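Participant: dropping a prediction and its sequence here:
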Amino acid sequence: MMLLIPLLRRFRWRLPLALALGAAGSLAGLSVIALVNRLIAGTASPDAPTMALIALLLAGVFGFGFAAQAMLTALGHRVVCEMRTATVKRLLDTDVERLEAIGAPALYATLTKDIAAVGQAFNRLPFIFSNGVLVLGGFLYLGWLSWQLFLLSAAAVGLGVAAAYGWVSAMRRLMIEVRETDDRLFAGYRGAVEGRNELALNTARKRVFHRHDVTGAAEHARDTETRADRYWVLSLSWTALVILGLIAGIFAAGEGLGLPRAHTAGFVLVLMFLRMPLNDLVGTLPILLSGSVALAKVEALRLEPHRAEFGGEQAAPAALPTHGPLLSLSGIVYDHPAQGDEPGFHLGPVDLTVRAGETLFIVGGNGGGKSTLLTLLAGLRRPSSGSIRLAGLEVTEERRGWHREQVSAVFSTPHLFDRLVGPGGQLDEELAQAFLRRLRLDRKVTLDGDRLSDIRLSQGQRKRLALLAAVVEERPILLLDEWAADQDPVFRRFFYEELLPELKRGGRTIVAVSHDDRFFHLADRVLRCDAGVLTPWSETPAQPVQAAQ
Ligand SMILES: Nc1ncnc2c1ncn2[C@@H]1O[C@H](COP(=O)(O)OP(=O)(O)OP(=O)(O)O)[C@@H](O)[C@H]1O
């Protein structure tokens, strides 16, 4: 509910108005039934004024009902739209580490399934409300018709609801289980799409993948959903049974109490009329329950609370130096969490000072912690201990946004956006065109304003475009994770011997993860990161790096 309350607050005038119109429509409907009842009982005659009143009430049923439902469904769609954009904004504001812990399948499941489920439930609310008003008003009218029969009906319906409560709770538990299976299913969908080449090559792998990663989860969802639906149809049949049983009981009780037949028949007519909204209410249960399970799931992700502003571009607390120490890590320790029986990865303590304008290469074996170190230098991860200083200032929580805004990065598997973004959102198109030519991509990709014509490229070309996107950000610190690994030998040489020095001359401070020892002499410094420990690089075993070199 916490998620919906701020949204509902925004529509605080429209919502009560729509609900009032809905209530008016339902009450007009009940009044028609009451009038028909009087016609049956003979206390009213079908003369012109009565029929005119019925026509007026029917117009009210139609007009109020239409206006209320149109308003409420429009409101429902607005709430769903805002929930979509708000959830993505919350995701954008959430730490990389938290998103990693949640995992991509669970995030996709929430963005697609949960928001749709909440939307569907929300769009049912108008009908639930109008049916609720009908049932409530109907029972009040029944009380007015005969308080004895009303007490009998209320007791029967109360007992019926109490008996069905356990089924509804069981249904909710099963729906939670179904939703947990969805995360596994989404992992399977992702494997089928992203692993398409590997799967297409190997029939045995395809079979194993299909059996273990898709069929298992799909069959578990099917079984659980079938059990949940059994409770639902049980509730539907139970509702029919309670109402029909009550109708039979009402006749017997009416006789026992000596009430006139016409009186009892009127009572039964109202009960028959209420059967439909009651049935609708029970019929909506699965949608409502899956909406509430989805809402709980979104909240369980613990994304950052929603805020409209993007932040991050706050005033710089200090100008960056053009020489001397720029970015320092002291005593930095970072622990990747353990997974099952597998121990986590421990990096550090790392003491390192990157000087302004320096070109620093980080080398080391696979899984040594180089990428983790780059993300710490970028301010994307919170170290377990130690401190980071930028331009001599400690990077506190408030300054993390400022730190990140000084860094451009090309990670080892970069995501390409088809728009280039310059400083403060203003792209220097001349710079972008010139660098596109330098990257020898101008025949492959064209720039229309800030928009790239095509991002369906080879791996090496993708990396070049990612470098273009990073360079046009015009930020002082550039982090590159094995950038040259996908480049052909000619371009690789061009990158190390011309592009990097050019960027350095332009004032960039560059930290690049590299395995290209042929070009190590072009760096100002080379460090090795192995098993989470940073040491100076040399052909011979090395000593730990000293702080602030
Ligand atoms: N998100 C994560 N969650 C848990 N462990 C992780 C995560 N990312 C990396 N690790 C672990 O941290 C260790 C270091 O990974 P990292 O990617 O920093 O190494 P690397 O030196 O860049 O390796 P490579 O040269 O192969 O790219 C690895 O053992 C990896 O399993």
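Facilitator: Now that the structure is in, tell me what you want to look at. Numbering: from 1, shown residues only.
Participant: contact residues of this protein facing the ligand?
Facilitator: Residues of the chain lying close to the ligand by Cβ under 6 Å from any ligand atom are 100, 336-337, 345, 364, 366-372, 412. Any C-beta I mention is one placed from the backbone N, CA and C, and that applies to glycine too.
Participant: measure the spatially most central residue of the chain to residue 298 for me?
Facilitator: Centroid-nearest residue in the chain, with Cα atoms, centre = their mean: residue 111, separated by 3.8 Å. Distance, residue 111 to residue 298, by Cβ to Cβ, to the nearest Å: 9 Å.
Participant: how many neighbouring residues does residue 38 have?
Facilitator: By other Cβ atoms under 10 Å, the residues close to residue 38 number 14.
Participant: can you give the domain ranges for this structure?
Facilitator: Following automatic domain parsing, one gets these domains for the chain: 14-300, 325-536.
Participant: mind checking the end-to-end distance for the last one?
Facilitator: Meaning domain 325-536. Domain 325-536 has an end-to-end distance of 18 Å (Cα to Cα, to the nearest Å).
Participant: the first one now?
Facilitator: Across its full length, domain 14-300 reaches 30 Å between end residues, using Cα to Cα.
Participant: flag the shaky bits of the chain, pLDDT-wise.
Facilitator: 1-10, 312-315, 539-549 (pLDDT under 70).
Participant: returning to what we had before: most neighbours of all the residues of the chain next to the ligand, which one?
Facilitator: residue 370 leads those on contacts (other Cβ under 10 Å) with 26 neighbours.
Participant: hang on, the earlier thing: list the contacts of the residue nearest to the centre of the chain.
Facilitator: 84, 87, 88, 91 (Cβ atoms under 8 Å, 6 or more residues apart in numbering).
Participant: neighbours of residue 206, just the number please.
Facilitator: A count of nearby residues for residue 206, using other Cβ under 10 Å, gives 15.
Participant: sorry, slip of the keys, the one I care about is residue 317.
Facilitator: The burial count for residue 317: 13, using other Cβ under 10 Å.
Participant: show me the strands in the protein, by range?
Facilitator: Taking DSSP state E, the strands of the chain run over residues 325-335, 346-355, 359-363, 385-390, 393-394, 407-410, 447-448, 451-452, 477-481, 509-513, 525-530, 533-536.
Participant: may I ask you to name the longest helix in this structure?
Facilitator: Ranked by residue count and defined by DSSP state H, the top helix of the chain is helix 147-194.
Participant: just give me how far that one sits from the chain centre.
Facilitator: For helix 147-194, the distance from its own C-alpha centre to the chain's C-alpha centre is 23 Å (Cα atoms, centre = their mean, to the nearest Å).
Participant: which strands and helices sit next to that helix?
Facilitator: Helix 147-194 sits against helix 104-109, helix 115-145, helix 203-209, helix 216-257, helix 261-283, helix 285-300, with contacts defined as 3 or more Cβ pairs under 8 Å, 6 or more residues apart in numbering; DSSP states H and E.
Participant: ok, back up a step: now do the residue nearest to the centre of the chain against the ligand, distance only.
Facilitator: Relative to the ligand, residue 111 is positioned 20 Å away (Cβ to the nearest ligand atom, to the nearest Å).
Participant: now do residue 258: how many residues are near it, please.
Facilitator: By other Cβ under 10 Å, 6 other residues sit near residue 258.
Participant: roughly how far does it sit from the ligand?
Facilitator: 78 Å.
Participant: who are the contact partners of that residue?
Facilitator: For residue 258, no contacting residues are found, by Cβ under 8 Å, 6+ apart.
Participant: pretty sure residue 68 sits against residue 25.
Facilitator: Yes. Counting by Cβ atoms under 8 Å, residue 68 touches residue 25, with 5.8 Å between them.
Participant: which neighbours do these two share?
Facilitator: Listed as contacting both residue 68 and residue 25 by Cβ under 8 Å, 6+ apart are residue 130.
Participant: report the buried residues of stretch 428-436.
Facilitator: 432, 435, 436 (16 or more other Cβ atoms under 10 Å).
Participant: close enough to count as contact, residue 329 and residue 390?
Facilitator: No. Contact status for residue 329 versus residue 390: not in contact, 10.5 Å apart, counting by Cβ under 8 Å.
Participant: tell me the contacts of the residue of the stretch 1-150 of the chain found nearest the ligand?
Facilitator: The minimum distance from the stretch 1-150 of the chain to the ligand, using Cβ to the nearest ligand atom, falls at residue 100 (4.4 Å). Neighbouring residues of residue 100 by Cβ under 8 Å, 6+ apart: there are none.
Participant: now swap in residue 249 and tell me
Facilitator: For residue 249, the contact set (Cβ under 8 Å, 6+ apart) comprises 152, 156.
Participant: can we see that at 10 Å?
Facilitator: Each residue near residue 249 by Cβ atoms under 10 Å, 6 or more residues apart in numbering is listed here: 149, 152, 153, 156, 242.
Participant: still on that earlier bit, redo the strands of the chain as TSV? Include mean neighbour count.
Facilitator: Shown next, in TSV, are the strands of the chain (neighbours: other Cβ atoms under 10 Å):
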stretch	mean neighbour count
strand 325-335	20
strand 346-355	21
strand 359-363	23
strand 385-390	18
strand 393-394	12
strand 407-410	22
strand 447-448	13
strand 451-452	16
strand 477-481	24
strand 509-513	24
strand 525-530	20
strand 533-536	18
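Participant: the ones you listed: which one's closest to residue 206?
Facilitator: Nearest of these to residue 206, taken as Cβ to Cβ: strand 477-481 at 32.2 Å.
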